[in-house]
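Asker: structure for this input, please:
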Amino acid sequence: MFGIGIPELVIILVIILIIFGTGKLPEIGGALGKGIRNFRKASHEKPEEIDVTPETDGESDAGKQDPTAKTSN
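Answerer: Numbering: from 1, shown residues only. Okay, the predicted model is just below:
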C-alpha cells in the first residue's frame, strides 16, 4: 500500500511500546478509535449549510449609502 511491510510495522509498534509503555496502549488505542469513528461520522453526515446572504427589510438597497464610504467634499 505505502511500501510498509510487516517488518516496518513491527519496528514501529516496538518503538511505540517503548515510548508509551504497556499501561498507556489501551488508552491510546481507545482515543485513536474514537477519533477515527468521529471522523467517519462527520464525513458521512450532511454538512449544515450556512446562509450568509444579508437580510433585507423589504427596502431597496439602491437608495442606501454605505456609512463607512468616504465622500469627496
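Asker: neighbours of residue 16, how many?
Answerer: 13 (other C-beta atoms under 10 Å). C-beta coordinates here come from the backbone N, C-alpha and C atoms, glycine included.
Asker: what distance do you get for it to residue 24?
Answerer: Going from residue 16 to residue 24 by C-beta to C-beta, to the nearest Å gives 10 Å.
Asker: spell out the residue ranges of the helices in the chain.
Answerer: Taking DSSP state H to define them, one finds helices in the chain at 6-44.
Asker: in it, where is pLDDT below threshold?
Answerer: Applying pLDDT under 70 to the chain flags the ranges 1-2, 47-48, 51, 58-73.
Asker: could you export stretch 37-52 as CSV, CA atoms only?
Answerer: The C-alpha trace of stretch 37-52 is given here as CSV (Å, rounded to 0.1, in the frame of the first residue of the first chain):
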residue,chain,number,x,y,z
ARG,A,37,-15.2,7.0,14.5
ASN,A,38,-15.9,10.7,14.8
PHE,A,39,-14.1,11.5,11.6
ARG,A,40,-16.1,8.9,9.7
LYS,A,41,-19.4,10.2,11.3
ALA,A,42,-18.6,13.8,10.4
SER,A,43,-17.6,12.9,6.8
HIS,A,44,-20.8,11.0,6.1
GLU,A,45,-23.2,13.5,7.7
LYS,A,46,-24.8,16.2,5.5
PRO,A,47,-22.9,19.4,6.4
GLU,A,48,-25.1,22.1,7.8
GLU,A,49,-25.2,24.9,5.3
ILE,A,50,-24.7,28.5,6.5
ASP,A,51,-26.7,31.2,4.8
VAL,A,52,-24.5,34.3,4.5
